[in-house]
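> Give the three-dimensional model of this entry:
(2 chains)
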Amino acid sequence: MRVLTKTSLYYLLVSLVVFAVGGTVFYLSLREEIYDEVDDQLFTDKENIIAYIQQHDRLPNVTSGISEAILVRDADPADLVMEHLKDTLIYSNYDEEYIPFRQLTFTAYRQGKPYEYTILKSLMDFDDLTESTVLAMVWIFMLLLVGLVFVNYYTNKYTWRHFYDTLSRLKRYRLSQHQPLALKPSSTTEFEELNQVLQSMTEKIHGDFLNLKEFTENVSHEIQTPLAIVSSKVELFMQSENLNEEQALLLSDMYGALNRLARLNKSLILLTRIENREFAAEGQVPLHQLLQEQLAHLQEVISMRSLNVQTVEMQEVYVQMNSGLADVLLQNLLSNAIKHNHPGGSIKVLLSPQKLCISNTGAAPQDQPELLFSRFRTGHESVGSLGIGLALVKKICNLYGLLPKYNYNNGEHSLCIYFTG
Amino acid sequence: MCLLLRIPSDFFRNLPFQNEPMKVLVVEDEEALKESIVAYLRQEGYACEAAIDYRSAMLKTASYTYACLVVDLTLPGGNGLDIVRSVKENQPDTGIIIISAKNALDDKIMGLEVGADDYMTKPFHLSELNARLKSVLRRRNFNGQKVLRVGEVEVHPEAAEASVAGKKLALTRKEYELLLYFASNRNRVLTKESIAEHLWGDHIEMLDSLDFVYTHIKNLRRKIMETGVEDYIQTVYGLGYKFMSP
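Here you go, the predicted structure:
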């Protein structure tokens, strides 16, 4: 949920509570006030009535006070009501509904005889008042709400704009591209602080990244020479006339491991160089030609494994990339299809302007497909392979904005490269 | 005594140098690697000299003529490319092989552009270096052997043909390359790895190339022996193979 929506909702919620509580309190205090007033008037009327009776020995005219009616009845001497206030409902024929009244019952003596008087005051006005109060409250609430939400939304949008700008820049930030994060200065302290923290953080990360990269590069390059020395010494050693079988086997193992290390190092250097974008796109590379060349080159291996190559589609496709890398890409895709195949299996090649697909028969994958493109990930049956081939494929694809996809279906692995991304 | 004085002036120029060892200069700052290369090439019968920095390399190339130069690019005191340039200018007949730890494509292109004959990336197989050196010398026409001969086996690189005791061998491309590699490194132990790399180059990584080496060697051996000669390809324990006159 966006922060604007969220704060607006909170505002709404709080306003709702405030208005509900405020409205209730307002209603209650208003009622209290009105009751007080009505009761006061009823008591005044009572005094007036008693005084009038004492003076004139008869009931006053109803209209003289605020009371709308006076009820008189003989009081029961055993149960005298001295003074009693209460609410009551009286049915009005005219309005055809019950109307709330406030009544005061008291006893007064006339000619030594107790009479019970009840005076009534209609609360109709008070009801109207409550109604209009609530209505007014609702209106005020609505207007305020709309106002609040609008003001909140726009002020927030204005004050948060630097935040969103920072966010979008962060999203676009790529560690491998050597562009520092240029964030807009903000007058909001928090955002300015955030920007500074982000800036110093990305600078630090970028520095670490460069160091690490440099380290990898240096290690890879520096390893070449010692490797060359050891390799050459072992090779010289092998030429010795008087080696026994045991020594020869030791040397052979050493030599094998050395070669593996050398190849691994070469691949790592290649990976690093792709990451460093050291290969410029040379121009339109005829992919169909390269593919045919690679297939011809691998023909021997393919026939030795009795694999069957089917060219499903082979159109003329030109791709903007470095031709050396295009070779590496095709080579790795094809060798992958050969390596993970079973004898007598098949390889399907499809090249169209949209995509390049190399499919091969083979055992079901054990790994999650997305891990296939990571380094040093090898299938179960590929002994001695480095597991770096598909990582290279992915790196090259990333470099040129191509989309590699892996799919396993019905005993057929297929690796497709989509040219349009 | 009089006869001796009347030696014709072009006598030395026309001397057949075939028996004279060819001079190769190895320019490599890494002492241990330099020693290996020099040792291997000396065993091959070259008069091999070495320089360990830019200055001594320049001095040597200025004073002597070499059949071939094996030069590293990163040297103390200067860039190997400058040596290549100067040699190219002053002794255009000298073959040049660059060996570099830098895998940089630019270096390779640059090296070949300024006139190097070949480019190798460290680490490399000494046998591969030897084969390439022979190939460069052949191409440079610098008294290089036009025909490689091991016993009765003859390889004619110009025609890409091979024959045993005068009988032409029907070889596949890979078998021919294998035989040429063997003939260039006769009496040497060639590892399966170096053979695989020689035959398949970069493709070696993914394939069970060592099995293919075995298959090719089996076929080559059969084809040679079918001509009625003894086995030339000797298997050396777990190490590899040696090509020699039986």
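
> going forward, measure contacts between C-alpha atoms and count neighbours the same way
OK.

> ok, which stretches of chain B are helices?
B:2-5, B:11-14, B:31-43, B:54-63, B:80-90, B:105-113, B:126-140, B:173-184, B:192-200, B:209-226 (DSSP state H).

> Flag every buried residue along the last one.
Neighbour-count burial for helix B:209-226, with 16 or more other Cα atoms under 10 Å in any protein chain shown as criterion, is recorded at B:209-210, B:212-214, B:216-217, B:220-221, B:223-224.

> quick one, what contacts the residue of chain B found nearest chain A?
For chain B, the residue closest to chain A is B:P123, as judged by Cα to the nearest Cα, at 3.9 Å. Contact partners of B:P123, counting by Cα atoms under 8 Å, 6 or more residues apart in numbering or on different chains, are A:224-225, A:227-229, A:231, A:262, B:101.

> Quick check: what element follows the single longest strand found in chain A along the chain?
Longest among the strand segments of chain A by residue count, using DSSP state E, is strand A:97-110. From strand A:97-110 onward toward the C-terminus, using DSSP states H and E, the following helix or strand is strand A:113-122.

> tell me the contacts of residue 91?
Just going to use chain A. By Cα under 8 Å, 6+ apart, A:Y91 lies in contact with A:97-99.

> if you could check chain B rather than the one you did, that'd help
By Cα under 8 Å, 6+ apart, the neighbours of B:Q91 are B:T65.

> where does the stretch 101-250 of chain A dip in pLDDT?
In the predicted model of the stretch 101-250 of chain A, residues A:176-178 satisfy pLDDT under 70.

> Per the annotation, how does the chain divide into domains?
Here I'm looking at chain A. A:3-155, A:164-278, A:283-418 (automatic domain parsing).

> actually chain B
Domain ranges of chain B: B:21-140, B:148-243, per automatic domain parsing.

> which parts of chain B sit against chain A?
B:30, B:32-33, B:36-37, B:40, B:101-103, B:122-126, B:188-189, B:193, B:203, B:205-207, B:212, B:237-239 (Cα under 8 Å from any Cα of the partner chain).

> circling back to that earlier point, which secondary structure elements does the longest strand of chain A sit against?
Packed against strand A:97-110, as judged by 3 or more Cα pairs under 8 Å, 6 or more residues apart in numbering or on different chains; DSSP states H and E, are the following elements: helix A:3-56, strand A:83-92, strand A:113-122, helix A:124-159.

> where's A:L258 relative to A:T272, distance?
21 Å (Cα to Cα, to the nearest Å).

> Where does pLDDT dip in chain B?
For chain B (pLDDT under 70), the answer is B:1-19, B:103-108, B:141-145, B:202-209.

> Local confidence estimate at the residue of the stretch 251-400 of chain A found nearest chain B?
Relative to chain B, the nearest point of the stretch 251-400 of chain A is A:S252 (5.1 Å; Cα to the nearest Cα). Looking at A:S252, its pLDDT reads 88.

> Give me the number of neighbouring residues for the residue of the stretch 101-250 of chain A found nearest chain B.
Nearest residue of the stretch 101-250 of chain A to chain B, counting by Cα to the nearest Cα: A:A228, 3.9 Å away. A count of nearby residues for A:A228, using other Cα atoms under 10 Å in any protein chain shown, gives 25.
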